[in-house]
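Novice: Next come a sequence and a model predicted from it.
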Amino acid sequence: MTRSELLIGGTWQTPRSGSGRLTDVVSPFDGRIVGQVPVAGDADVEAAVVSASRGAEIWRRTPAHERSEILLRAAALADERSEQIAQVLSTENGKTRREARAEAGRSGSIIRLAAFEGTQLYGQTLPLDANPGTGLDKVGFTLPQPVGVVVAITPFNYPALLVNHKIAPALAAGNSVILKPASTTPLTALALAECFIDAGLPEGVLSVLTGSGGELGDRLAADKRVRKISFTGSTGVGQHLASIAGVKKLSLELGSSAPVVVLPDADLDLAATAVAAGGYTNAGQVCISVQRVIVHESIQGDFLDALSDKVRQHRIGDPEDDATTVGTLITEAEAERVEGSIRQAVSAGARLELGGDRDGAMIEPAILSGVDPAAPIAQDEIFGPVVAVSSAPDVTTAVELANSTDYGLAAGIFTNDVDAGVQYMREVDAGNIHINWTPLWRADLMPYGGLKDSGIGKEGVRSAVAEMTESKTVVIHGSPWS
């Protein structure tokens, strides 16, 4: 798929920057060019913001049932084109075809959830007569309305899922959207945008700008006409965007080092099976991927044996091969970074139980044991197919270790002890906590977001729709009753 035009305000346009420069989209598996997209400049950003400002006025005045009908048509198109979108996604991202089909297959349902939630924007009545000095002559209520222009900035690792989780709720709530997809995976975003445009979105309501994230993102984030930024990416970039955004709404889904605790009473086979999936899906390039496992010291050996047996069943290779279970990292440079982190951990005293070999952008799924919980591989986000195993003598220590990083996106625990489970859910500082499963589980309707340096705000369709709106308080003043 090659696109030589930008989507500005719902129409495909030649870049206004004048250079006409295209950038290659490259397969991380074999390096072949799989498409080209234009490089947007300042003039294109200005055109998109002007168009979005006009589109926001049109779309906010469109009744919710009409917006819903358009989104439902977009959902049907996403379903019809699911296999095509999955092929594009797998090729530009390096994700296995099985994972790509699962991700693309969720598009229609996410859009339908958003369409419903966009029709359910209730206000609330206010009991003004409860305030001293106020009688029954006043009626108060809240009135929700769209924020206006929303900028959505999405990462490479889930180029369909995270695009849908931003633009579908924004559109459902009555906002216009400017989407800046990751430079390495723009083709999936463009394919999804076509579904919305072909469904009949009015002029001005949706734009997609491809090009430099630093240049385009900074320009969009600082623009006063933009009223909401929804960003998923690294903590460093999120902090930068927050520093330049000014007075506007922010949703920032940032980094993570997700912990999983395994206690002696846990079902070890269940825990090993879940970690073997949760640590290596999408080659570990998931913010809720299992990065740290904190095992009770009495069962560490048994757990490592069980986990190793499961992880050995993974196969790296061509993402288009159905036998492949772990695809590539997004670039060879990223694979080299992860390889270096493994070597650093081993040199610091960790033991490489298996895996870790690199072939281009692929890394054999790795398990490290005896990891110091304070080591970089446990504290920093690894974003690769590596699980670091440490031990703890009791649940209290395990909770302390789970909380020991700057992040707090998601956490899990395996135990049949209700008391331990309650202690964990109460004391672990994470936005999503799973009992007897890993953090790598997400229903599209559930609230989703982190604590600490993992971000602010919530995604999940209902939560995102709420965050894409503002609330007015309205008071009707009548004459005092005699």
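Specialist: On my side now, so go ahead. Numbers count the residues shown, from 1 in each chain.

Novice: quick one: contacts of the host helix or strand of Ile167?
Specialist: Element membership for Ile167, per DSSP states H and E: helix 161-172. With CB atoms under 8 Å, 6 or more residues apart in numbering as the test, helix 161-172 has contacts from 59, 67-68, 71, 103, 106-107, 110-111, 113-115, 117-119, 150, 152, 154-155, 177, 179, 181, 188-189, 192-193, 196, 201, 205-206, 228, 230, 232, 444, 459-461, 464-465, 468. (Each C-beta comes from the backbone N, C-alpha and C, glycine too.)

Novice: One more: stretch 414-434?
Specialist: Residues from elsewhere that reach stretch 414-434 (CB under 8 Å, 6+ apart): 258-263, 265-267, 270-271, 274, 288, 395-396, 399, 402-403, 408-413, 435-436, 439, 441-442, 446-452, 454, 458.

Novice: Show me what the strand or helix carrying Glu339 is in contact with.
Specialist: Using DSSP H and E, Glu339 falls within helix 332-347. Residues outside helix 332-347 that contact it (CB under 8 Å, 6+ apart): 28, 284, 328-329, 352, 356, 358, 360-363, 366, 368, 371, 375-377, 380, 382-386, 388.

Novice: how about 10 Å then?
Specialist: For helix 332-347, the surrounding residues in contact (CB atoms under 10 Å, 6 or more residues apart in numbering) are 28, 31, 156, 184, 283-285, 328-329, 331, 350-352, 355-363, 366, 368, 370-372, 375-378, 380, 382-386, 388.

Novice: Buried only: go through the contacts of stretch 414-434 for me.
Specialist: Buried by 16 or more other CB atoms under 10 Å: 258-263, 266, 271, 274, 288, 395, 399, 402-403, 408-413, 439, 442, 447-452, 454, 458, out of the contacts of stretch 414-434.

Novice: which residues touch Arg60?
Specialist: Here Arg60 is in contact with Arg67, Gln145, Pro146, Val147, Gly148, Ala173, Gly174, Asn175, Ser176 (criterion: CB under 10 Å, 6+ apart).

Novice: Of those, grab the buried ones for PyMOL.
Specialist: A single PyMOL command selects the buried members of the contacts of Arg60 (16+ other CB under 10 Å):
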select buried, resi 67+146+147+148+173+174+175+176
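
Novice: about what we covered before: in strands, which of the contacts of stretch 414-434 fall?
Specialist: The members of those that map onto strands under DSSP state E are 258-262, 408, 410-413, 435, 451-452.

Novice: Tell me the one of the residues you listed nearest Pro132?
Specialist: Nearest to Pro132 among the ones in strands among the contacts of stretch 414-434 is Leu451, at 37.8 Å by CB to CB.

Novice: can you pull the pLDDT of that closest one?
Specialist: Leu451 is assigned 98 on the pLDDT scale.

Novice: Pretty sure it sits against Gly457.
Specialist: No. Assessed by CB atoms under 10 Å, Leu451 is found out of contact with Gly457, at 11.4 Å.

Novice: circling back to that earlier point, could I get the ones in strands among the contacts of stretch 414-434 as CSV with distance to Asp429?
Specialist: What follows is those, written out as CSV (distance: CB to CB, whole Å):
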residue, distance to Asp429
Ala258, 12
Pro259, 11
Val260, 15
Val261, 14
Val262, 20
Gly408, 5
Ala410, 11
Ala411, 9
Gly412, 14
Ile413, 14
Ile435, 16
Leu451, 5
Lys452, 6
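
Novice: and which of those residues is nearest to Pro127?
Specialist: For the ones in strands among the contacts of stretch 414-434, the nearest to Pro127 is Leu451 (32.5 Å; CB to CB).

Novice: Could you list which residues are in contact with that closest one?
Specialist: When contacts are counted by CB under 10 Å, 6+ apart, Leu451 touches Asn403, Tyr407, Gly408, Leu409, Ala410, Val428, Asp429, Ala430, Gly431, Asn432.

Novice: Could you list the low-pLDDT ranges of this structure?
Specialist: 1-4, 18-19, 482 (pLDDT under 70).

Novice: hmm, 80 instead?
Specialist: Scanning the chain for pLDDT under 80 picks out the ranges 1-4, 17-20, 481-482.

Novice: Which residue lies nearest the spatial centre of it?
Specialist: Leu162 (4.8 Å; CA atoms, centre = their mean).
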